[in-house]
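*Asks:* Based on what follows, work out the 3D shape:
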Amino acid sequence: METVDVLVAGAGLAGLRTASLLAGQGFDVLVCERRARLDSGIRTTGIFVRRTFEDFPLPQRCLGPAVRRVVLYPPSLRAPVELVSTRDEYRVADMAGIYSAALGQARQAGARVRLGVSYPPAGVAARFTIGADGARSTVARRLGLDVNRHFIIGAEEEYPVTGGARPPTFHCVLDPRLAPGYLAWLVDDGQRAHVGLAGRPERLAGPLPRLLGSFAAEFPNVPAPAGPVRRRGGPIPIGGVLRRIACPGGLLVGDAAGAVSPLTAGGLDPCLRMAQLAAAVTGDYLRTGDASALRRHYDGRALRARFRTRLLLRQILSRIGTPGTVEAAFRLLRTPPGRAAAARLMFGDGSFPDIRVFPSVVADE
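*Replies:* Now for the predicted structure:
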């Protein structure tokens, strides 16, 4: 029987980041990942927001050109709302390259990573287990922690495009007929295009590939592929951080913990910030054995309290059922207060979850 300090289930961005930080603290860390290759089965869109690429050491070679322009469209596609920031707000990443770099960092820090090995790995005993195994976490169930129950389901096509005079732009289409409870999107940075949509599965008007094809054919700004098209998709938890995400046997990070913005469904920034908090809390717990501190500092209820407004807006967005309602909302968005609110949402400085509420346990980078 092999014994390790920490077993991390899942070699996504959250799992590899947590493993790197814990190995850097001197713990014996083993990561198991059921995929044989990290460039297969990629589900995330790879859209990084400004606060992520400003705060975390992402490899610049894997990031596309900066996007400062966002255009919001009603179902009719008429009279969209254009927002332009003075800062670089989004960058779309080559996620295969991001995962490769994260894998290298974890191994360099001293973590052992075994690909093609499902959780739980045979013959391994761990003092502590970290579930970074996705929205439908097996670790959560084995540890008796909370599990995600509220999802949207998404699909995306990503491919290279030829450059041109068009400015890098993030297009968002709010149409409940096409993407009920969420939106359809196109991010075109002049190098790559990401065309996708997501919605409540019980309200989708057909199979996702067909809906995505319809959107790509009808939306006038979709550029033609200039190379291979990669397709991805899967469930996205939108219920917010789960309430019970830690116990003496382990904790959850990333999608497994529900660390996805319930409004925007963005998960890359939350997973990195939660990994930082998880590594600090886990390290403290393994050194002291103080389970009360583990529960106190890694409390999903406290994290949820920081985004009540997002949860409320998520409920409102989920219930919008007609194009007419969205068109009426856009009349408000076109006013100065409406545009200001939209800019705050798309270009805001806040992070989710805000780990500054736990300053005593979050280690300095």
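
*Asks:* contact partners of stretch 325-335?
*Replies:* If you take C-beta atoms under 8 Å, 6 or more residues apart in numbering as the criterion, stretch 325-335 is touched by 72, 74-76, 79, 81, 174-176, 320, 338-339, 341-342. Just so you know, the C-beta spots here come from the backbone N, C-alpha and C atoms, and that holds for glycine as well.

*Asks:* Just the buried residues of that stretch, please?
*Replies:* Going by neighbour count (16 or more other C-beta atoms under 10 Å), the buried part of stretch 325-335 is Val326, Phe330, Leu333.

*Asks:* ok, now stretch 228-247?
*Replies:* Using 16+ other C-beta under 10 Å as the test for burial, stretch 228-247 gives 230, 232-242, 244-247.

*Asks:* if we can go back for a sec, out of the buried residues of stretch 325-335, which is nearest to Cys62?
*Replies:* Leu333 (33.5 Å; C-beta to C-beta).

*Asks:* neighbours of the residue nearest to Ala11 when sequence neighbours are not counted, just the number please.
*Replies:* Closest residue to Ala11 apart from its sequence neighbours, by C-beta to C-beta, 6 or more residues apart in numbering: Glu33 at 3.5 Å. By other C-beta atoms under 10 Å, 24 other residues sit near Glu33.

*Asks:* And Gly134, how close does it get to Val113?
*Replies:* In this view, Gly134 and Val113 are 17 Å apart by C-beta to C-beta, to the nearest Å.

*Asks:* quick one on the thing from earlier: Throw the buried residues of stretch 325-335 into CSV and include secondary structure, pLDDT and distance to Leu63, thanks.
*Replies:* Below are the buried residues of stretch 325-335 laid out as CSV (DSSP: H, G, I helix; E, B strand; the rest coil; pLDDT from 0 to 100; distance: C-beta to C-beta, whole Å):
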residue, secondary structure, pLDDT, distance to Leu63
Val326, helix, 92, 32
Phe330, helix, 94, 32
Leu333, helix, 93, 29
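
*Asks:* contacting residues around Thr129?
*Replies:* So Thr129 contacts Val6, Leu7, Val8, Ala9, Val139, Arg142, Leu143, Gly249, Gly250 (C-beta under 8 Å, 6+ apart).

*Asks:* Arg287 now?
*Replies:* Per C-beta under 8 Å, 6+ apart, neighbours of Arg287: none.

*Asks:* please redo it, this time with the cut-off set to 10 Å
*Replies:* Gln25, Gly26, Phe27 (C-beta atoms under 10 Å, 6 or more residues apart in numbering).

*Asks:* and which of those is nearest to Arg296?
*Replies:* Of the contacts of Arg287, the one sitting nearest to Arg296 (C-beta to C-beta) turns out to be Gln25, at 19.8 Å.

*Asks:* Report the secondary structure state of the residue lying closest to the closest one once chain neighbours are set aside.
*Replies:* Closest residue in space to Gln25, ignoring its immediate chain neighbours: Gly283 at 4.7 Å, by C-beta to C-beta, 6+ apart. Using DSSP: H, G, I helix; E, B strand; the rest coil, the structure places Gly283 in helix.

*Asks:* looking at it, Gly283 is touching Gly26, isn't it?
*Replies:* Yes: counting by C-beta atoms under 10 Å, Gly283 does reach Gly26; the two are 8.7 Å apart.

*Asks:* Please identify which of these two sits among more neighbours.
*Replies:* Set side by side, Gly283 and Gly26 show more neighbours around Gly283, with 21 against 11, by other C-beta under 10 Å.

*Asks:* Leu22 versus that one, what's the distance?
*Replies:* Gly283 is 6 Å from Leu22, by C-beta to C-beta.

*Asks:* who touches both of those two?
*Replies:* Asp5, Val6, Phe128.

*Asks:* Might you specify the subset of these located within strands?
*Replies:* Judged by DSSP state E, those include Asp5, Val6, Phe128 as members of strands.

*Asks:* Kindly indicate which of those lies nearest Pro220.
*Replies:* When those are compared against Pro220 (criterion: C-beta to C-beta), the nearest one is Val6, at 50.2 Å.

*Asks:* now stretch 88-97, how far from the centre of its chain.
*Replies:* 12 Å (C-alpha atoms, centre = their mean, to the nearest Å).

*Asks:* oh, I was asking about stretch 206-225
*Replies:* 23 Å.

*Asks:* Please point out which parts of it sit buried.
*Replies:* For stretch 206-225, a neighbour-count test (16+ other C-beta under 10 Å) marks Leu208, Leu211, Leu212, Phe215, Ala216, Phe219, Val222, Pro223, Pro225 as buried.
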